[in-house]
Structure formats: C-alpha cells, structure tokens
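1. Predicted model follows, preceded by the sequence.
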Amino acid sequence: MTIKVIISGPRGRMGREALDMIINDKDLELVACIDRMNDGKRLSDVEGMPNVNVPIFVEPNQCFQSVSADIFLELSIPEVGFDHTKLALMSKIKSVVGTSGFTSEQIDLLTNIANENKVGCIIAPNFAIGAVLMMQFAKKAATYFSDVEIIEKHHDQKLDAPSGTAVKTAKMIQESRQAKRQGHPNEKETMDGARGADTEGIRIHSVRLPGLVAHQEVILGGLGQTLTITHDSYNRKSFMTGIKYALGKVMQLEKLVYGMENVMD
Ligand SMILES: NC(=O)C1=CN([C@@H]2O[C@H](COP(=O)(O)OP(=O)(O)OC[C@H]3O[C@@H](n4cnc5c(N)ncnc54)[C@H](O)[C@@H]3O)[C@@H](O)[C@H]2O)C=CC1
Ligand SMILES: O=C(O)C1=N[C@H](C(=O)O)C[C@H](O)C1
C-alpha cells in the first residue's frame, strides 16, 4: 500500500523538490496540493509542474474534507503553515512540517491538538541528517563549554529570522546548560542588534545573502580554545532523504514530535 500525501507549497523551492521525490518513490503517492493560487486546476495544467493529474486547492479545509490522504506535508510559508497544520491535525490527518518560523506557543498548541486527537505529527526544523547531528553534537559539547553563540546563514529569500534550526539548536543546548548571561556584564550595544538575538543568554546571528542555501556554525568558547561545529546544505536535495524518512516515521506516531533527533533510530 502506498502512503498518500498532500503537499502544501508545491511551487516553492522545497515543494518542487519534494514533488519530484514523492512522484519518483514507489511507496508514496501524491494525492493533492495546497497552493495560494490555481484553485480547481490539476497540477499537470500548471506550467512547469510535473505531469500528475491531482487537484489543487487554495482552501486547506476543502482539501482535507474532500481528499483521502494519510499525510499532510507542509512546505509553504510561516504565515499560513501553522493554520494549515492545525486544520490537518483537526481533520485527523498526520502531518510532517518543514515550514519554519512557528512560535513556541504555536508549537505547544499543535502539540496539544495532535496529542489530544492521537494524530501523529513531526515538526522538523531541519530534515538534513548532517544538520540534526550538528545540533546533537552542539548539545553534547555544551555540557563542557557553557559559552556558545550560533551563526546561521541563509539565502536572501528566507522570510523568517532566526532560522528554525538555530532556534531548535539553542533549545537543545539549553537542555545541557544553565541559563547564562554571556560576554562582559557591562557590555553595551552601540548599534542595535550588534550582539544578535538573545535566547536565555545564547546569541543567534542571522546572515542573509544571495548565493547561500542553508548553513550554520555553532561556536563554543572555553579557556584558551574554541570549538566550531558547522553544517552546510548546498542544495535542497539535502533535505529529501529526511522528508522521506519522516513520512515513514509519522505513520507510526500518535503524538507530535518536535525535531528529527526524536524519531531517528
Ligand atoms: N525543515 C527543513 O529542513 C527545511 C525547511 N524549509 C522551510 O520550508 C519553507 C519553504 O521554503 P522554500 O521552499 O525555500 O520557500 P519558497 O518561498 O520557495 O516556497 C514557499 C511556497 O509557498 C507558497 N505559498 C504561499 N502562500 C501559500 C498558501 N496560502 N498555501 C500554499 N502555499 C503557499 C508560495 O507560493 C511558494 O511557492 C520555509 O518556511 C523554509 O524555512 C526550507 C528548507 C528546509
Ligand atoms: O529557509 C530555508 O531555506 C531553511 N529553513 C529551515 C530553517 O529555518 O532552519 C531549514 C534550513 O535551514 C533551510
């Protein structure tokens, strides 16, 4: 039996790559798309899209009520991704969420909906295996180095800052160390933002430049030494193995899991 997938954001950079992955995988079947335009059209009617005869919906609820699907794959924009996921879970459709930029409160709300309805959901700040390992290594390193800063670097079309990966990395590091104010106690910013965003003392610096895809450095400092843990995604294929893995894993879940590290064997 194939796993039936609805994808949100099919014309985006991630959506387009995920469409190809799903279409070429014998275990997966694309059954519908949610987009901000082309309502009522078939995917095959849209220029530049693969020749697959599935419906496109602008209204997520109309899609969830009329299409039989196993999983909703959210890859659109932060502004709508939360509502889409909430509606999918309320319709008892398992969800895999790649879209970043959700607040902690939004993640808590989705967790409650998924867990109360016993519907599987994976929110993956980063699907790339190397990025997940980078976060785990950073968490481990922070048990020895309590001073740490994060530099995340992305393409200049990214809507949210800091990145979902940086936020999750900081959360994982916070599990290994006490909240700590870093730097000189009397330090002052003479230009706003010079020290980056502050999350329980961990500073996150966001770089946005054309030419970049998705990159992160976690720099840990100790007496006379630093340790830098780096991950680079050079293209969006780097995320596809993780998406395929999450689609398989979420089928076994009846609750929400935040982070791929929590479903990796
Ligand atoms: N978790 C992960 O490993 C990764 C997550 N991302 C995240 O995935 C999301 C998508 O990234 P990209 O593809 O680079 O962005 P993109 O800007 O290329 O694509 C977003 C797409 O969403 C569509 N969209 C806008 N409103 C919509 C609506 N109401 N319904 C359905 N679709 C709508 C846009 O038309 C666009 O085609 C971002 O939040 C990004 O941060 C990106 C790469 C990896
Ligand atoms: O927008 C992107 O491109 C990416 N977004 C995710 C994030 O916010 O961490 C994952 C990856 O970094 C690519």
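-> Noted; the coordinates are in hand. Numbers count the residues shown, from 1 in each chain. Ligands and ions are numbered 1, 2, ... in the order given.
2. Tell me the residues on the stretch 51-200 of the chain that lie near ligand 1, please.
-> 75-78, 80, 98-101, 124-127 (CB under 6 Å from any ligand atom). In this view, the C-beta of every residue, glycine as well, is placed from N, C-alpha and C.
3. Nearest to residue 163, out of the residues you listed: which one, please.
-> residue 100 (6.1 Å; CB to CB).
4. ok, that closest one touching residue 162?
-> No: using CB atoms under 8 Å, residue 100 is not in contact with residue 162; the gap is 9.3 Å.
5. and these two? which has more neighbours close in?
-> Neighbours of residue 100 and residue 162, each counted by other CB atoms under 10 Å, are more numerous for residue 100; the result is 24 against 21.
6. give me every residue that touches that one.
-> 78, 125, 160, 163, 164, 165 (CB atoms under 8 Å, 6 or more residues apart in numbering).
7. Turn the buried ones among those residues into a named PyMOL selection, would you?
-> One line in PyMOL is enough to select the buried ones among the contacts of residue 100; burial here means 16 or more other CB atoms under 10 Å:
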select buried, resi 125+160+163+164+165
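8. The contacts of residue 100 also near ligand 2: which ones?
-> Checking those against ligand 2 (CB under 6 Å from any ligand atom), the matches are 125, 163, 164, 165.
9. Mind putting those into TSV with pLDDT and secondary structure?
-> As requested, the ones next to ligand 2 among the contacts of residue 100 are exported to TSV (pLDDT from 0 to 100; DSSP: H, G, I helix; E, B strand; the rest coil):
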residue	pLDDT	secondary structure
125	98	coil
163	98	coil
164	98	helix
165	98	helix
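10. Show me which of those residues is closest to residue 46.
-> residue 164 (27.9 Å).
11. which residue sits closest to the closest one, ignoring its sequence neighbours?
-> For residue 164, ignoring the flanking residues on the chain, the nearest one in space by CB to CB, 6 or more residues apart in numbering is residue 100 at 3.1 Å.
12. Relative to residue 253, how far out is the one you found?
-> Here residue 100 is placed at a distance of 21 Å from residue 253 (CB to CB, to the nearest Å).
13. tell me which parts of the chain are close to ligand 2?
-> So the chain meets ligand 2 at 100, 125, 126, 154, 158, 163, 164, 165, 214 (CB under 6 Å from any ligand atom).
14. Check what pLDDT the first one gets.
-> As predicted, residue 100 sits at a pLDDT of 97.
15. can you check the last one too?
-> In the prediction, the pLDDT value recorded for residue 214 is 98.
16. got the contact list for it?
-> Listed by CB under 8 Å, 6+ apart, the contact partners of residue 214 are 126, 128, 131, 153, 154, 155, 163, 165, 232, 233, 238.
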